[in-house]
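Peer 1: give me the fold of what follows.
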Amino acid sequence: MDRSHLYRVICALIDKQQHLANSTDFSVRFRTLWTVALLDKHLKRCTDHEIGKLLVIVQDRFHIFEPEFAIIHHAKRRLSLRSAKENLTT
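Peer 2: Presented below is the predicted three-dimensional model:
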């Protein structure tokens, strides 16, 4: 999965989920669960490297002082360290 395809799919699902979640209509908001399932399906097919790229993309949506930014930064660092350890043992 190349970066442009990955970016389009994930961003489209995130945008759709946010749109559905912001609806005042409960039946529309309920469809958020379907979008979450689709997002999960796509994320499960990603490698750690692709997840790292996604984290960079998603991190741009948050301000540095938001907790989500810190969580994403931590996740990127953890994936980077895991990758470095795996490279040393191979």
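
Peer 1: low pLDDT regions in this protein?
Peer 2: Regions of the chain meeting the criterion pLDDT under 70 cover residues 1-3, 90.

Peer 1: check which helices and strands the helix ranked longest in the chain is in contact with.
Peer 2: In the chain, ranked by residue count with DSSP state H as the criterion, the top helix is helix 67-89. Under the contact criterion of 3 or more Cβ pairs under 8 Å, 6 or more residues apart in numbering; DSSP states H and E, helix 67-89 touches helix 48-59. C-beta coordinates here come from the backbone N, C-alpha and C atoms, glycine included.

Peer 1: quick one, the longest helix of the chain and helix 48-59 angle?
Peer 2: Taking axes from the mean of the first three to the mean of the last three Cα atoms, to 10 degrees, one finds helix 67-89 and helix 48-59 inclined to each other by 160 degrees.

Peer 1: give me the buried stretch members for helix 67-89, please.
Peer 2: Within helix 67-89, the residues that count as buried by 16 or more other Cβ atoms under 10 Å are 69, 72, 75-76.

Peer 1: just checking, residue 63 touches residue 69?
Peer 2: Yes. Using Cβ atoms under 8 Å, residue 63 is in contact with residue 69, at 6.5 Å.

Peer 1: and the nearest residue to residue 54 once chain neighbours are set aside, its phi and psi?
Peer 2: Leaving aside its sequence neighbours, residue 54 sits nearest to residue 10 (Cβ to Cβ, 6 or more residues apart in numbering; 5.8 Å). Backbone dihedrals for residue 10, given as degrees, to the nearest 10, come out at phi -70, psi -50.

Peer 1: measure residue 10 to residue 81 for me?
Peer 2: Distance, residue 10 to residue 81, by Cβ to Cβ, to the nearest Å: 23 Å.

Peer 1: ok, residue 73 next?
Peer 2: Distance from residue 73 to residue 81, by Cβ to Cβ: 13 Å.
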